[in-house]
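Novice: turn this into a model:
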Amino acid sequence: MAKGKDVRITVILECTGCVRNSATRVSTGISRYITQKNRHNTPNRLELRKFCPYCYKHMIHGEIKK
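Specialist: Purely as a prediction, here's the structure:
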């Protein structure tokens with residue numbers, strides 16, 4: 001079948017709240033999750049609400065480049 005382009009790719013989701021706050025104050029870390037997405041069904045960047053252990057609440061995690 002298709003060997004060159006895989007349909008499912010691995011993406012990294014990063015907390016948007018930690019990224020914004022890290023420039024203004026010292027952050028203990030940045031929350032990141034690893035997941036997969038179907039390239040054909042979701043061509044746009046993926047955004048999910050996940051729990052951030054550094055913000056202590058559910059935040060939007062957006063897809064970043066590798």
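
Novice: where does the protein have low pLDDT?
Specialist: Screening the chain residue by residue with the criterion pLDDT under 70, one finds the ranges 1-4, 21-28.

Novice: tell me, what residue is most central in the chain?
Specialist: residue 13 (0.9 Å; C-alpha atoms, centre = their mean).

Novice: could you export the helix or strand harbouring residue 60 as CSV, CA atoms only?
Specialist: Taking DSSP states H and E as the criterion, residue 60 maps to strand 57-64. The C-alpha coordinates for strand 57-64 follow below in CSV (Å, rounded to 0.1, in the frame of the first residue of the first chain):
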residue,chain,number,x,y,z
LYS,A,57,-6.6,22.9,35.8
HIS,A,58,-7.9,21.8,32.4
MET,A,59,-6.3,24.0,29.7
ILE,A,60,-6.2,24.0,25.9
HIS,A,61,-3.3,22.0,24.5
GLY,A,62,-2.3,22.9,21.0
GLU,A,63,-0.3,20.9,18.4
ILE,A,64,3.4,22.0,18.0
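
Novice: who's the nearest residue to residue 64 once chain neighbours are set aside bridged to?
Specialist: Nearest residue to residue 64, sequence neighbours excluded (C-beta to C-beta, 6 or more residues apart in numbering): residue 14, at 4.8 Å. Placement of C-beta: from N, CA and C, glycine included. Going by DSSP bridges, residue 14 is paired in beta bridges with residue 32, residue 62.
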